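Student: need a structure here:
(one chain, ligands or ions: 2)
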Amino acid sequence: MSADSAVVRPPVTSSGLFAKVSRFRGLLMLALGLLVLLGPYLGMSGYLARTVMLVGILSLLTSGLNIVLGYAGELAVNQVFLYAVGAYVTAYLGTAHGITDVPLIFGIVILAALVIGLVTGIPGLRLGGWSLAMVAFFMVIILPSVVQVLSKYTGGPLGLSTPLPTLFGRDLGDRGVYVLIVATVIIWFALARNLILSAHGNAFLVLRQSPILAESLGISVFRLKLIVYVISAVPCALGGALFAWLDGFIAPDTFTFAMALSVLAASMFGGATSIYGALVGAFLLQYGQQQLTVFAQLELVIYGVFLLAAALVFRNGLTGLFRTLVARARHRGWLPTAPALRAAEQPPTTGLEPIEGRPLSCRDIGKNFGGNQALTGVSIDAAPGRITALIGPNGSGKTTLLNLMCGFYTPSAGSITLGDTTISGLKPFKVARAGVARTFQTPMVARGMTTREFVASGRYSQQKVSMLATVLRLPSFRRGVRADDSEALALLELMGIAQTAGTEVSELPLGTRRLAEVARALAARPQLFLFDEVASGLDPADLDSLERAIRAIRDAGGTVVLVEHNFPLVLKVSDTIHVLSRGELIATGTPEEIQRDARVLEEYTGSSGAETVAGLEADLEVAGTDNEGGR
Ligand code: ADP
Ligand code: MG
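Tutor: Numbers count the residues shown, from 1 in each chain. Ligands and ions are numbered 1, 2, ... in the order given. Model (predicted):
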């Protein structure tokens with residue numbers, strides 16, 4: 001598909017005031033930000049100004065936690081450590097070296113955040129599991145000792161005073177500090193918003209919800225998590241610098257475990273995957289602390305209750321609660337809803353562009369899980385421009401073979417090649433980048449993105465728009481968005497589901513979701529397509545669309561491997577069928593040959609060919625029903 005093929009944009013699904021508000025939310029936030037920015041010039045009291053500054057700084061820290069928790073899925077609560085680093089670096093450079101220039105300090109503080117992020121993130125993420133969370137936790141625990149050990153620079157328990165910042169040699173007065181803090185917060189949230197509302201942000205969403213899906217899209221989970229973690233360190237350290245300037249004095253009792261908990265509570269309260277949730281959470285927490293004396297006395301208890309309430313009642317914070325309420329209101333008809341969807345009302349109209357399929361070759365594959373020999377000596381080939389089916393009763397090793405092909409498992413014996421490339425032993429994301437795309441037995445889609453964005457996510461590992469170009473909305477970013485959009489729309493049109501482009505992909509009915517998944521696989525322009533149980537749970541209309549799509553991929557030259565229980569479909573579309581039984585290949589042939597193969601019939605029916613193909617079909621269908629829920 002060419003990027004400029006004329007595609008009609010389907011209407012945005014929600015309409016009316018609500019949609020308009022959400023479309024201009026960014027602008028609204030900016031206007032609100034400007035109003036706050038000019039507060040002191042509009043007669044804002046000193047007390048209110050201080051509250052605004054504290055809320056702003058706390059929201060930077062909360063935003064840091066939101067990014068790492070909400071998008072990398074890592075509960076790393078070390079924001080207060082980076083906050084302390086930012087504050088101490090600023091205070092030390094100011095008092096000891098007279099460095100007070102804002103851009104210079106910001107540069108140094110950001111650099112420090114990046115270095116600390118890398119140094120703690122690489123081992124934490126390499127070890128996997130809870131390691132990063134533990135590393136982050138210990139950073140908070142050891143913070144007082146670090147301050148003590150470095151008391152020559154930090155002033156130890158006495159603390160450090162901080163000279164006021166300067167900008168291009170001019171002193172910033174109190175108002176100047178206010179404007180600096182609010183402007184930094186506005187700019188940070190604008191940049192973070194730009195990143196989150198982009199292909200990168202969608203990749204973060206995929207990453208958080210399913211590392212397996214992320215890897216199959218060619219995304220290195222380790223690398224992307226590290227990037228997210230390192231980025232999340234930046235606002236925290238900046239917040240520290242701003243805090244040093246705000247108070248003019250820092251002491252170790254600011255950077256406590258209670259503060260780490262308050263950031264966590266603010267994040268939970270505002271909602272970790274919401275862009276502006278950090279502001280909501282920070283505001284509520286800061287305001288609570290200032291207004292209620294009981295809050296100060298029972299600080300830790302209140303955070304504990306907050307966290308419990310957040311975990312039990314509203315998992316995505318207040319902003320998540322708001323979204324749930326909107327969804328419910330839509331459900332009840334109080335708000336306009338997306339039109340009811342029907343997949344494939346029109347058949348795919350155009351053909352696919354030629355695909356350079358490459359031959360897949362599995363040689364003597366063996367796979368055992370502990371003592372369980374799932375596959376033994378399996379050799380199969382799949383040719384470009386052909387549909388190769390893999391059938392066999394439940395537990396015969398089909399999914400295992402598919403997982404070996406896409407790198408989720410490493411073979412215990414044998415090797416797998418795609419063209420000249422040996423793909424066995426490569427990490428899944430490298431296999432994906434080598435040209436392998438797959439669908440999942442239970443379709444894997446990410447919540448929080450439209451069908452169009454989901455399809456475009458298939459292109460993510462190939463698109464070259466950098467994060468820098470994305471946060472700054474440079475021309476290359478706009479070109480990237482246009483290319484993603486038109487490619488995704490063209491593919492959805494091909495699948496006959498263009499009308500779903502603006503719909504939340506996780507809300508699509510099963511059949512449509514499967515078609516969207518096929519479009520997502522196509523978007524990666526792979527040479528090898530792996531379909532796992534793609535027909536299960538589909539109604540006849542969806543099945544027709546799917547069949548057309550699979551044939552279209554074959555006709556365009558793609559290599560197609562179909563793991564399937566739906567025997568009629570397999571007989572109809574396959575060029576070659578391989579039959580597995582108890583981990584061994586028992587037959588290979590054309591549909592006609594397989595239908596007549598005595599061994600296959602015996603395997604399935606327990607008779608020596610006396611029973612009919614109908615019996616075989618029935619068996620396969622039964623096997624199909626209890627095989628849901630796998631990958
Ligand atoms: P199919 O997809 O044909 O139904 P599978 O490939 O899922 O079969 O399973 C083949 C065999 O391998 C089964 O005996 C299953 O229990 C075993 N198996 C599959 N995956 C794993 C795993 N991750 N760990 C242990 N055993 C597994
Ligand atoms: Mg299976």
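Student: for the helix or strand encompassing residue 324, packing partners?
Tutor: Assigned by DSSP states H and E, residue 324 belongs to helix 317-331. Helices and strands touching helix 317-331, as assessed by 3 or more Cβ pairs under 8 Å, 6 or more residues apart in numbering; DSSP states H and E, comprise helix 257-270, helix 277-291. Every C-beta, even on glycine, is put in place using the N, C-alpha and C of the backbone.
Student: Highest mean neighbour count out of those?
Tutor: helix 257-270 (a mean of 24; mean count of other Cβ atoms under 10 Å).
Student: what helices or strands is it leaning on?
Tutor: Taking 3+ Cβ pairs under 8 Å, 6+ apart as the contact cut, helix 257-270 packs with helix 46-70, helix 79-97, helix 131-149, helix 277-291, helix 299-312, helix 317-331.
Student: per-residue confidence for residue 388?
Tutor: pLDDT recorded at residue 388 is 95.
Student: Residue of the protein nearest ligand 2, please.
Tutor: residue 399 (3.2 Å; Cβ to the ion).
Student: hang on, that residue packs against residue 563?
Tutor: Yes. The criterion here is Cβ atoms under 8 Å, and residue 399 meets it with residue 563 at 6.8 Å.
Student: who touches both of those two?
Tutor: Taking Cβ atoms under 8 Å, 6 or more residues apart in numbering as the contact rule, residue 399 and residue 563 both touch residue 532.
Student: Can you get me the start-to-end distance on stretch 94-109?
Tutor: One end of stretch 94-109 sits 13 Å from the other (Cα to Cα, to the nearest Å).
Student: Write out the residues of the stretch 251-400 of the chain neighbouring ligand 2.
Tutor: residue 399 (Cβ under 5 Å from the ion).
Student: I figured residue 224 hits residue 205, correct?
Tutor: No. When contacts are counted by Cβ under 8 Å, residue 224 is not listed as touching residue 205 (11.2 Å).
Student: Look up how far residue 556 lies from residue 525.
Tutor: For residue 525, the distance to residue 556 equals 11 Å [Cβ to Cβ, to the nearest Å].
Student: so where's the stretch 501-631 of the chain uncertain?
Tutor: For the stretch 501-631 of the chain, the stretches flagged by pLDDT under 70 are 604-631.
Student: Let me see the ranges of the helices in it.
Tutor: For the stretch 501-631 of the chain, the helices defined by DSSP state H, counting those that start in this stretch occupy 510-523, 540-556, 567-573, 591-596, 598-605, 613-625.
Student: So is the fifth one next to ligand 1?
Tutor: No. No part of helix 598-605 sits close enough to ligand 1 to count as contact by Cβ under 6 Å from any ligand atom; the gap is at least 12.8 Å.
Student: helices or strands up against that helix?
Tutor: strand 576-581, strand 584-589, helix 613-625.
Student: let's see 6 Å
Tutor: Secondary-structure packing of helix 598-605 (3 or more Cβ pairs under 6 Å, 6 or more residues apart in numbering; DSSP states H and E): strand 584-589, helix 613-625.
Student: Please apply the same query to the first one.
Tutor: With contacts defined as 3+ Cβ pairs under 6 Å, 6+ apart, helix 510-523 has these neighbours: helix 451-456, helix 475-494, helix 540-556.
Student: for the third one, same thing?
Tutor: Using 3+ Cβ pairs under 6 Å, 6+ apart as the contact criterion, the neighbours of helix 567-573 among helices and strands are strand 386-391.
Student: distance between the helix or strand following the strand it packs on and the chain's centre?
Tutor: Later in the chain than strand 386-391, the nearest helix or strand by DSSP H and E is helix 398-405. Distance of helix 398-405 from its chain centroid, counting by Cα atoms, centre = their mean, to the nearest Å, is 24 Å.
Student: And the contacts of helix 398-405?
Tutor: Helix 398-405 is contacted by residues 367, 374, 375, 390, 392, 409, 411, 530, 532, 563, 580, 630 when judged by Cβ atoms under 6 Å, 6 or more residues apart in numbering.
Student: Pull the most distant pair out of those.
Tutor: 411 and 630 (19.0 Å; Cβ to Cβ).
Student: higher neighbour count, the two?
Tutor: residue 411 (22 against 15; other Cβ atoms under 10 Å).
Student: who's in contact with residue 275?
Tutor: Residue 275 neighbours (Cβ under 6 Å, 6+ apart): 193, 196.
Student: So it, which state does it fall into?
Tutor: The three-state assignment at residue 275 reads coil, by DSSP: H, G, I helix; E, B strand; the rest coil.
Student: give me phi/psi at it?
Tutor: phi -70, psi -50 (degrees, to the nearest 10).
Student: chain center to stretch 208-226, what's the gap?
Tutor: 7 Å.
Student: which other residues reach that stretch?
Tutor: 71-73, 121, 125, 203, 206-207, 428-429, 432-433, 438, 444, 446, 460-461.
Student: Just give the number of residues close to the single nearest residue of the stretch 151-300 of the chain relative to ligand 1.
Tutor: In the stretch 151-300 of the chain, the residue that lies nearest ligand 1 is residue 212 (12.5 Å; Cβ to the nearest ligand atom). Using other Cβ under 10 Å, residue 212 is surrounded by 17 other residues.
Student: And residue 158, by the same measure?
Tutor: Per other Cβ under 10 Å, the neighbour tally for residue 158 reads 10.
Student: Kindly report the same for residue 401.
Tutor: 28.
Student: next one: residue 156
Tutor: Neighbours of residue 156 using other Cβ under 10 Å come to 15.
Student: Once you drop chain neighbours, what's closest to it?
Tutor: residue 148 (5.9 Å; Cβ to Cβ, 6 or more residues apart in numbering).
Student: Can you check what pLDDT the model gives that neighbour?
Tutor: 90.
Student: Residue 62 touches residue 284, doesn't it?
Tutor: No. The pair residue 62 / residue 284 is not scored as a contact, 10.6 Å apart, by Cβ atoms under 6 Å.
Student: Look up the residues forming beta bridges with residue 166.
Tutor: Beta bridges link residue 166 to residue 101, residue 171, judged by DSSP bridges.
Student: my read: it touches residue 98, true?
Tutor: No. Assessed by Cβ under 6 Å, residue 166 is found out of contact with residue 98, at 9.8 Å.
Student: Look at those two and report which has more neighbours.
Tutor: Using other Cβ under 10 Å as the criterion, residue 166 and residue 98 rank with residue 166 on top: 18 against 10.
Student: Just give me how far stretch 163-181 sits from the chain centre.
Tutor: 39 Å.
Student: Skipping its backbone neighbours, what lies nearest residue 228 in space?
Tutor: Nearest residue to residue 228 in three dimensions, chain neighbours excluded: residue 72, at 4.1 Å (Cβ to Cβ, 6+ apart).
Student: Closest to residue 271 out of the contacts of helix 398-405?
Tutor: Checking the contacts of helix 398-405 against residue 271 with Cβ to Cβ, the nearest one is residue 630 at 32.1 Å.
Student: by how many degrees do the helix or strand harbouring residue 187 and helix 277-291 diverge?
Tutor: Residue 187 is located in helix 174-196, with elements delineated by DSSP H and E. Angle, helix 174-196 to helix 277-291, by axes from the mean of the first three to the mean of the last three Cα atoms, to 10 degrees: 140 degrees.
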